[in-house]
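Undergrad: Generate a structure from the sequence data that follows.
(3 chains)
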Amino acid sequence: MTTTTKMIGQAIKRREDPKLITGQGQFLDDVKLTGMLHAVVVRSPYAHATIKGIDASKALALPGVVAVFTGEDMSDINPLPCAWAAGKVDNNLNTPRALAVGKAMHVGDGVALVVAEDRYIARDAADLVEVDYEPLAVVVDAKKATEPGAPQLHENAPSNIVMDWECGDREKTDAAIAAAEVTVREQIVNQRLIPTPMETRGSVARYEPATGEFTVWMTSQAPHVMRLLLAAFVFGIPETSVRCISPNIGGGFGQKIFVYADMAFTMWAARKLGRPVKFVEDRAENYQSSTHGRDHITDVEIAGTRDGRITGLRIDTLANLGGYLSTIAPGIPTTLYGRITTGVYKIPAAHCRVRGVYTNTAMVDAYRGAGRPEASYLIERMVDRFAAEIGMDPAEVRRRNFIPPEDFPYSNGMGLLPYDSGNYGPALDRALQIVGYDALRAEQAEARKQGRYLGIGLSSYVEICGVAPSAWIGLPGEGWGAGLWESANVRVHLTGKVVVTTGSLPHGQGLETTFAQIVADELGVPYDDVVVEWGDTSGTPFGFGTYGSRSLAVGGTAIVKTVAKVREKAKLLAAHMLEARVEDIVWEDGKAFVKGSPDQVKTLGDIALQAAVAYSLPEGMEPSLDETTYYDPPNCTFPFGTHVAVVDIDADTGAVSLRRYVAVDDVGTVINPLIVDGQLHGGIAQGVAQALTEGAIYDDDGQLVTGSLLEYAVPKASLFPQFETDRTVTRSPVNPLGVKGAGEAGTIASAQAVMNAVIDALQPFGVKHLQMPATSERVWNAMHGGTRGARS
Amino acid sequence: MITTEFSYQKAGSVDEALRLLAAAPDSALLAGGHSLIPSMKLRVTAASALVDISGVAALKGVSRAGDTFRIGASTTHRDVAESADLRSGSPLLAEVAGVIGDPAVRNRGTIGGSLAHADPAADYPAAIIALGAQIEVAGTSGSRTIAADDFFTGTFETAVAAGEMITAVTVPAATGVAYEKFVHPASGYAVVGVAAVVTVAGGTISSLRVGVTGAGPQALRLTGLESALAGKTADDATLRSACSGLVAAGDLVGDHQASAAYRASLVDTLARRAIARAAARG
Amino acid sequence: MQIDGEDLLDAPIDCVWQALNDPAVLARCVPGVTALVPTGPDAYDAEIKLAIGPLKGTFKGTVRITEQVPPEAMTLTVDGAAPMGGVNAAGRLALETQGTGTLVRWQAEPKLRGTLATVGARLIGPVSKQQTTAFLKAIEAEARQLASSRR
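TA: Next comes the predicted model:
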C-alpha cells in the first residue's frame, strides 16, 4: 500500500499569513457600507458619579452630526446578559447597558453616543457634549471594597460581594492544616492586566427596515454566541433576524469573547436612524472600557511534612470583577480557577473560597489562561515557599508530590472532571536536563560569594483545555447551564475540493492551517484541496467559538467526526459505483478501491461528482457529500509541563534580566509543531510580562494611571532570550486525535517560573515573596531591606 | 485617536517657517512629529496650524568645522546615530540617539524637535548638558545662541521664546563620553539617564561634565560631582565613594514606575557607570 | 500625590492675605485664568487656559476659598474640566510672618482625571510645583503693590 506523507505533525507555514502580513486581511475597520454613519462614545472621566444631566445642544449644532443618544434613549433594550453566573450570582447580576443610565461605574463608562457623517465630526462633537456629573466615593481595591464603610456600588450587592463560592473540603483542610508539621502562609496578589490585542474592538451594524434584519460585523471570538445573546437577551427579537460576522481579527486573548455595549448601541442606532453605524474604539477606550484580566488578592496557606509531602492547601481569594459583570466574569475565578488550584500535586486536603467583588474599575473577565494562570501561579509560588521553608530543593519537592502516572484519570477533589492523562516527572526531568540544573545551582552558589545574584525558577503546571463538556460545565451550580460543544460541516464539491466550515473562530491561532492538515489526513486528500471557512453565522452552523484552548480538542474533533461521516458515505457510494460490497471497499489516499483490485478505483472527485449529479445513487441515499457534526466532548483535556527560568539581577539597580527560558510542554498530539511553538512563544511572552513589567494601576480616585502604552508596559522583544522549547507527548484519551491544546499553556506556566527565579535570586536577602510585577524598584527595595513594594 | 482640526503648511526655508509660525495663533512647528502628533491625537494639545519644517534642507545634516560639530535641527535621531563624523569625533550624541525610543521613532524624530519639546525624560538633554552644547535659535528679529546650561528652564520649558525656532546644535569634539540609560519598560523614555564627558590627563580626571535626565522635573547637571572628581583617578573605589547621594530624592520626580528615592539611587549608579566608561574611552 | 513646599514672599502678611482674598487679584494670579466670575461667597466660576509643554487646553471650572483662618491659613481649591479630562487641586496655604516678609507653607494634592490622568501622572508633581510657585510669585507682586500703596 502506498501512503502519501502525513500532514499531521508537519511544521508547515500558516496559510493565513501571506494575506495577513501583506495587508490583505479584512478587519472590522475595513468594513465600509454605503451611507454608513460613525459613532463616538462620550465617556465618564469619573470612576463613580451620578449623571445629573447631559446637554447635547452644542454637539447637535455641529454640521454633520446626525444624533446624540443617551442611555435613557436606549431604555427599550435590556442590559447585556451575564451568561455564566457561577456561584449563585443570579440575585445581583449587575451588567452594563448599551450606555450608562443614571450612574457611571468606572472611568470610561459610556454615557452618550454621538453619531455623525464621519468619524472626525463625531469625535469633535463628542467634546461638545456637556455632562453634569456629581462625583461619588470611589473604591478600586477588592479588599477595601468589602470592608465596612466602603462605597456601595450596587444596592443589591451588600459589601460589594458578587458571589461567595467554594470548592474542596473545608473541614478536612482545616484539620490537615491544624495537624501539619509545617505551614506557610502568604498573601499573594495576581495583579490586574490589560489584554492589549493589536487590533482594538468595534462593531458595524446594518438594519434592513423592510425585513427587520440586522447584520452586525464584530471583532468577536464567538459570533454565534453574540447573535444569541444580542437577539434573545438584549433586543428580544428572533435569533434568525440577526446575522453576525467576524472578519479577520487582530488578536483577542479573551477580550473579544464577550458581548459589549458597542454591539448593542450600533444595532440600536442603526435601527433608529435607518443607516449603518460603525464604532471602532481607540486604544485609550480599549484600556478603559474593554475587559481586563486577573486581579486577585489571595490569602493562602500550604501545609506539609518536613520530608516534603504537601498535606493541605487552603485558599481564600478576592476576585475584583469591576463595576459591572462581564459576560462570563463569575465563571473565571471559580470554575476555571478554584477547581485547578491543586495543580500537578496529589494534595489530600484542599479548599478554595472565592468572593467576587464589585469595584469602580473596568470589568474583569477571561484573559489568556483565564483563571488557570492565577491558580498555577498560586500553587507554584506556594510550593516554592514550602520548599524554602523546609530547606529542600524545589525540584525535589515537586517530584515528591506529583500525581503519579498510574493515578490517571485523576480526580483532584475540587469538582473537576478527572484529569485525562499525565506523566509529570519526565517533563520536569527533561526541562532540568536542558537547562543544566545542577551546573546552574553550582554557578549560583559561586556567584553569591561574589555578590552576583542568579536565580533559577521552576514551574510545573497543569491546565484545563477543551472547554467544555456539558457533563461538567452544564451541571447545576456551575452556572453556565449549557455544554460548550462545537460544530463542523464538511462538504465535498463536485471537483473533489473540500470545504470545512467550523464554529471555531480563529483570530491568530492558525486554525485554517491546522484544520486543513487534519482533514487532509483524515480524508486522504491533498492539503491544498481543503478550504476552511468560519466567522459568519449565516455560513456556519452554530458554534461556541474560540477561547479556553478549545478549538483543536473540541472544534478539531468535530471535524474529525464529520470527515468520518463523509468517508463512510463516500465508501457506500463507491461500492455502488464499483458494483462491490461496501465491506470490500478500502479507503486510502482519498480513493476507494475494491479490496485486492486496486485498479477498480474511484477518487473522491469521482464520488463527489456522482453524489452531486445524483442520477445513480444507492437506494435511499441523499445526494451530495455534505455532513455536519455537533460534538460535545466527554471531558476536558489537561496539558502539562515544566518551565524553567534563569534570571540575573543587577545588584545596583534591581533590574531583572531573563537569561534563559526553557519550556517542556505536553500538549498531547502535535498537529503542527510550528504553530504550537508560536502559541507557546506568545503565551510565554505574556506570562513573563506579567512577572516583570505589566500591571494595570488605578489610583485611589479610580483613574487608570496606566491608561496608555506610554505607561502600561506590554513586553518588547528585547525582554526575552531565545526560548528553548521541547515536548513530551502524552496522548489525551478524550478525543480521537489525542490532542490537548496549546493556546494558553505558555501564559499559564510562565509567570511563576520567572517569579520563582527572581525570589530564588533574592534568597540571600531573606526575601520570601515578592508581588508581581517584579519591577526593578521592587527588587531593589527588597535587596535593600526596604519593605516598599515588597508586599504590595 | 483623532486630532482636532488644524491647517497645514510646508515651509521652504527658516524665514518662511518663522513667518508662518507668527501668522497663526496656536501654531506649532512640525518636524518629525513624534511628540506633537501623539499629543494632538490624545487631544491634550490642540494646535490650529502646523508649519512643517521637514523640507527645509538647511536644517538637516551633520557638519564638522575643526573641533566643532554642527547638527541641523531637523536631523533625525537615526542620522545622528549613524553620523560617521560624530561617531569618530564626538560620539556621545550618536550613542544617545541610538537608544531613543524604537526604530520608528528614530527614523522620524529629530534632535531639534526633541530639544524644543523638552520632555523631562528625553535622552538628548543629558548629553546636551554634558557636552556643553550650544543651541542656535532663529527668530523674526534675528538669531542667537543659548548655552546648554541655560536651555532647560522647567518641565517642558526651554529658553526658546515664542516665535523662535531651533536651527542647530553645536557640540565640541569629545571622545571620553558615555551615556547610561535606565529604560522605562513601557514608554522607552529614560527613567534616569546619565551622560558623562571626561578628559583624563596623566591618569587623573582633568575635566568632567555630567548631565542627568529623567530623574527630575528638568534635566540637570551634577556640578558638585564634577568638582569633587577633578584631579582624581577614575577607579572604582573613588567613583563609588563620589557617586553616593548625588541628588536629594525631594528634588526628583516619582511615579508608579519609579519613586523619587529609587531614581536618586539610579542617578548614583548610572553616574558611576557612565563616568567609568567615559574615562576608559577618554 | 501629595506635594508641598514653601516660598518666602517679600510682603507683609496682611497684604498677602488681602491679595489672596481679592477676586480681581486671583484672576490675575492663578496661572492661566482668563475669566473669574463670583458665584457666591468665596466661590467663583473660572475659565483657565493652561499651556504646560504639550498639554494645552481651556478648562472650565470653579475656584473656591474655604477654611479661612485670617490671616494665617486658607484652602484654595481649583477644579477645571476640559474634553481631555479634568484637574482638581486643593491647596492648603499657611501664612506666617518672617522678618518683613511672609513665609507661605503650602500643601496640595493635585488630582487628574480622564485622558489627563493617563498621560500626566509623571508630570503632575513638577508641574504643580511650577504652577504654585508662579502663583505665589504673582501674589507677592500684588501684595507688594498693596503694601507700597498703603505707605
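Undergrad: Can you tell me the SS state at A:His38?
TA: Classification of A:His38 using DSSP: H, G, I helix; E, B strand; the rest coil returns strand.
Undergrad: who's it bridged to?
TA: In this entry, A:His38 is beta-bridged to A:Ala116, A:Lys278, by DSSP bridges.
Undergrad: downstream neighbour of the least confident helix or strand in chain C by mean pLDDT in the secondary structure list?
TA: Among the helical and strand segments of chain C, the one scoring lowest on mean pLDDT, DSSP states H and E is helix C:115-119, with a mean of 85. Once the chain leaves helix C:115-119, the next helix or strand it forms, by DSSP states H and E, is helix C:124-150.
Undergrad: returning to what we had before: the least confident helix or strand of chain C packs against which elements?
TA: Where contact means 3 or more Cβ pairs under 8 Å, 6 or more residues apart in numbering or on different chains; DSSP states H and E, helix C:115-119 is packed against helix A:283-289, strand C:85-98. Bear in mind the C-beta positions are built from the backbone N, C-alpha and C, glycine included.
Undergrad: who in the stretch 151-282 of chain B is up against chain C?
TA: Applying Cβ under 8 Å from any Cβ of the partner chain, we find that the stretch 151-282 of chain B lies next to chain C at B:154-157, B:216-218, B:253-257.
Undergrad: Just the buried ones out of these, please.
TA: Those of these that meet the buried threshold are B:154-157, B:216-218, B:253-255, B:257, by 16 or more other Cβ atoms under 10 Å in any protein chain shown.
Undergrad: These: which ones sit near chain A?
TA: Restricting these to contacts with chain A (Cβ under 8 Å from any Cβ) yields B:255, B:257.
Undergrad: Of the buried ones among the residues of the stretch 151-282 of chain B next to chain C, which pair is most distant in space?
TA: B:Glu157 and B:Gln257 (22.7 Å; Cβ to Cβ).
Undergrad: And stretch C:120-129, how far out from the chain middle?
TA: 15 Å (Cα atoms, centre = their mean, to the nearest Å).
Undergrad: Need the residues that contact that stretch.
TA: Residues from elsewhere that reach stretch C:120-129, judged by Cβ atoms under 8 Å, 6 or more residues apart in numbering or on different chains: A:705, A:711, B:44, B:120-121, B:154-156, B:216-218, B:253-257, C:1, C:3, C:5, C:52-53, C:55, C:89, C:108, C:110, C:112.
Undergrad: Among those, name the ones in strands.
TA: Among these, the members falling in strands (DSSP state E) are B:154, C:3, C:5, C:52, C:55, C:89, C:108, C:110, C:112.
Undergrad: Show me the contact partners of the helix or strand harbouring A:Arg399.
TA: In the assignment (DSSP H and E), A:Arg399 maps to helix A:394-401. The contact list for helix A:394-401, computed with Cβ under 8 Å, 6+ apart, reads A:307-310, A:344-347, A:383-384, A:386-388, A:390, A:425, A:428, A:432, A:437, A:458, A:460, A:642, A:756, A:760.
Undergrad: now those residues: which count as buried?
TA: With neighbours counted by 16+ other Cβ under 10 Å, those contain buried members at A:308-310, A:344-347, A:383-384, A:386-388, A:390, A:425, A:428, A:432, A:437, A:458, A:460, A:642, A:756, A:760.
Undergrad: okay, whatever residue of chain B ends up closest to chain C: pLDDT?
TA: Of all residues in chain B, the one sitting closest to chain C is B:Phe156 (2.2 Å; Cβ to the nearest Cβ). If you check B:Phe156, the pLDDT there is 91.
Undergrad: same thing with A:Val89?
TA: pLDDT at A:Val89 comes out at 77.
Undergrad: didn't it look like it was pressed against A:Arg355?
TA: No: with contacts counted by Cβ atoms under 8 Å, A:Val89 stays clear of A:Arg355, the gap being 10.9 Å.
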